[in-house]
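S.K.: Return a 3D structure for these sequence lines:
(4 chains)
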There are 2 protein chains.
Amino acid sequence: MTIDDAPREALRGGPRELLRWVATGAAVSRADLSRLSGLSPSTVSQRVETLINQGLLEETGAGRSRGGRRPRQLAVPTGGAVVGAIDLGAHHARVGTLDLSGRVVQGRTLPVRIEDGPEQVLGALLAEVAALAAPSASTASGLVSSPTASTTADNAAGVLRGIGIGIPGPVQHATGRIVSPSRMPGWNGFDVAAFCAGRVDVPIIVDNDANLMALGAHRTAHSELDHAVYIKAGTGIGSGVISSGRLHRGAQGSAGDISHCRVVADPAPLCSCGNAGCLEAVASGAALVTALRDQGVPVSDLTGVIRLIDDGDRHATALARQAGRAIGEILAVVVNFFNPQVVAIGGRLADCEPLLASMRATLYERCLPLATQTLLIERVATSQDIGITGAAHLVIDHVVAAA
Amino acid sequence: MTIDDAPREALRGGPRELLRWVATGAAVSRADLSRLSGLSPSTVSQRVETLINQGLLEETGAGRSRGGRRPRQLAVPTGGAVVGAIDLGAHHARVGTLDLSGRVVQGRTLPVRIEDGPEQVLGALLAEVAALAAPSASTASGLVSSPTASTTADNAAGVLRGIGIGIPGPVQHATGRIVSPSRMPGWNGFDVAAFCAGRVDVPIIVDNDANLMALGAHRTAHSELDHAVYIKAGTGIGSGVISSGRLHRGAQGSAGDISHCRVVADPAPLCSCGNAGCLEAVASGAALVTALRDQGVPVSDLTGVIRLIDDGDRHATALARQAGRAIGEILAVVVNFFNPQVVAIGGRLADCEPLLASMRATLYERCLPLATQTLLIERVATSQDIGITGAAHLVIDHVVAAA
DNA sequence: CCGACTTGATTCGGTGATCGAAGAAAGTGG
DNA sequence: CCACTTTCTTCGATCACCGAATCAAGTCGG
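M.R.: As a prediction, this is how the structure comes out:
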């Protein structure tokens, strides 16, 4: 199943936005929605009715009065998981199920060996999603309450409506195919969407992991900002771009892939792509591990590196600073060029203070004053669920639009 | 008069697009428009009627039959200039009047001394536009014509509907104010829009010159492409960004300003901004002139430099190559990040072969294969009218939208 | 405990943009 | 001269949205 680009038209008061307002608690009643969306009460009522009929929204009794008639409270049905999400990482994958509002219902982190190849890895993860989404009764992991058996017809909650998948490498979003990934041996050219479509019979949406983080973070924290850039600095380095409120994928769907931009580095380290001085070879988690080992510091993985940095190890801290500068250099070009309202950094390296500080400094030094004068430079809310949240939003946008 | 952001909503078959199709000759009849826009014949007829009533379109007899009823030909009225445009450059300004289809009616190039300050420069240029737009009969140059008794209805052709102005420096588009320009002494903080609004009583739209070039080039040559980047390399260096078919200005309106991005250069030259190694200090026309003079080559201006390069002068050519590499380096980051369908270079340096060749090479070397695999790298159609064309489109979008 | 005022939600035309079908206008070609 | 094209208009039907009136269900002051 090939998915074309999904969320094109105006969200302005569209069903998705109403849903999100209810989900986030920004709106509780029809009147709230009317005020927020600017739509007339009648229109909102009508829209809400169709959402309720679709099983995407439900009425949950009356709320507290504010001096007049009590509002009829609205909520997103909690009748079970409805959207599946997989956020594949270098060593671990976060899988989960989320309700149609984008809230995580169940989430699990599984160890993953990328080198086992796509069939095996994706097969296992898909099975896990299916298990999570299956009528709970059985395992009772989180005791998913079945609240009032699926009342009505075909659109009852609890059905899996789609699966969003994030891949730590370049993905041609339109086709769902992986293209020349750096650190995913055996995955080149693999058609993720087609493979998954053969296993489960729901819409599959595949995207780059940084894009998912960007979407998740934007919808969660910056939904009112038009232009945003999110950097994901973990084992690898990627970025996701929000332009005019929407995920910018570019011509080939490879927008945001800054991992092989060249930066100045003292001994320019060789990158897995064959070039020297790639951002990824200087500033990624994998690069830090390699560099430390080369200096004779015994460190096993990124966690170890971060621990060293937190402990104030000289070598590790120096490397982190260099990494921050490198990211800042590239980001400076991006900020000048794109002039976003916010730049946020996520991933495991985002909690690394020296790196962040160097990045900020470089950014302020190298950017046009006009571009930084109101620029927010933030950390992405540190949560392991950002990725699957973004994945879910992608699926929800697709599903609700199609409804 | 402050102009807010203009062209927000769908152009899909909007009045502007119909107008443009007729103007470009892509459509001659209502039936053509219907086929092109996908709108139903009835809708098109209705829209065309209102456009005719507004004086933006007219019927010009019948065309040739294609086996059935002859089409009633449509055209943009040629009743005189209707939109003014000013493309201010470092040493010259191109001013002109264009009809509502974006075709140049009259164009003139005037020498300009930026250092005379905004009042004097803009005052003279505005007067020139007014003269061009005035009912032709009188030659009088100054004579800010009171656009006199509007002949027929309020919407007759021949009336000046607005003026678009391009500035070779950072412009806060929302306010029309200039912010810390490099090479415009005495212009910092000047409110162009307000100044002009005090002189003429039509909408004034101010933007960066690179943005105007981008808009002009995109509408002229790439209107079917969603994402495009245009580089303007002349005395200075700037760029304009088209995202999802629309001009991307970013948070502060400074998007595309890559002139002070740092690049590696052997003796990193000092930039007018005080930093060293800015792209503008390495690759702009002004930088080439300075560098050649420092090498003892007597050269007066950019024209001289280009002549030297064309003549195969070693020093000049080497500098051009270095400039091309520098632009390519920055552009590589931009292409990886933004993943456009096309990158086009304009400005006077665009005709410089060695520069272009180096830029292309660098781009292909440094970019993700996925990003360059279908990327078009072109020269912007070399015309002195690209800038004012873009300016006119900006005004037309604004005017037709308001109608 | 009763009315005046508030707030929340629905009902019911009304408007504007668009579509589709039908038909009128104006040709071409055998 | 008749069949068939192409172009354009006319005329409801539909859809989304709005606004005003109305209904529903409170609070609150006296």
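
S.K.: roughly how far apart are the residue in the stretch 101-250 of chain A that chain B sits nearest to and DNA strand C?
M.R.: Distances between the stretch 101-250 of chain A and chain B by Cβ to the nearest Cβ are smallest at A:Gly250, namely 2.5 Å. For glycine as for every other residue, the C-beta is placed from the backbone atoms N, C-alpha and C. Taking Cβ to the nearest atom of the strand, to the nearest Å as the measure, A:Gly250 falls 29 Å from DNA strand C.

S.K.: which residues does that residue contact?
M.R.: A:Gly256, B:His227, B:Phe338, B:Asn339, B:Pro340, B:Ala371 (Cβ atoms under 8 Å, 6 or more residues apart in numbering or on different chains).

S.K.: Identify the residue nearest the residue of the stretch 101-250 of chain A found nearest DNA strand D in space, chain neighbours excluded?
M.R.: Sorted by distance to DNA strand D under Cβ to the nearest atom of the strand, the residues of the stretch 101-250 of chain A start with A:Gly245, at 17.3 Å. Closest residue in space to A:Gly245, ignoring its immediate chain neighbours: A:Asp226 at 5.5 Å, by Cβ to Cβ, 6 or more residues apart in numbering or on different chains.

S.K.: which element is the one you found on?
M.R.: For A:Asp226, there is no enclosing helix or strand under DSSP states H and E.

S.K.: which residues of the stretch 1-150 of chain A score low on pLDDT?
M.R.: Applying pLDDT under 70 to the stretch 1-150 of chain A flags residues A:1-12, A:79-81, A:135-150.

S.K.: Show me the strands in it, by range?
M.R.: Along the stretch 1-150 of chain A, counting by DSSP state E, counting those that start in this stretch, strands occupy A:58-62, A:72-75, A:83-88, A:92-98, A:104-111.

S.K.: Enumerate every residue touching the residue nearest to A:Val299 when sequence neighbours are not counted.
M.R.: In this structure, A:Val299 finds its nearest non-sequential neighbour in A:Leu292, 4.9 Å apart by Cβ to Cβ, 6+ apart. Contact analysis of A:Leu292 by Cβ under 8 Å, 6+ apart lists A:Val299, A:Val305, A:Leu308, A:His315, A:Ala316, A:Leu319.

S.K.: same thing but at 10 Å, please
M.R.: By Cβ atoms under 10 Å, 6 or more residues apart in numbering or on different chains, the contact set of A:Leu292 is A:Pro298, A:Val299, A:Gly304, A:Val305, A:Leu308, A:Asp313, A:His315, A:Ala316, A:Leu319.

S.K.: three-state assignment of it?
M.R.: State at A:Leu292, reduced to three classes by DSSP: H, G, I helix; E, B strand; the rest coil: helix.

S.K.: ok so the residue of the stretch 101-250 of chain A closest to chain B is a strand residue?
M.R.: No - applying three-state DSSP, one finds A:Gly250 to be coil, outside a strand.

S.K.: quick one: contacts for whichever residue of chain A sits closest to DNA strand C?
M.R.: Closest residue of chain A to DNA strand C, Cβ to the nearest atom of the strand: A:Gly68 (1.9 Å). Neighbour list for A:Gly68: A:Ala31 [criterion: Cβ under 10 Å, 6+ apart].

S.K.: Look up how far A:Val202 lies from it.
M.R.: A:Gly68 sits 43 Å away from A:Val202, going by Cβ to Cβ, to the nearest Å.

S.K.: for A:Leu74, same thing?
M.R.: Taking Cβ to Cβ, one finds A:Leu74 at 26 Å from A:Val202.
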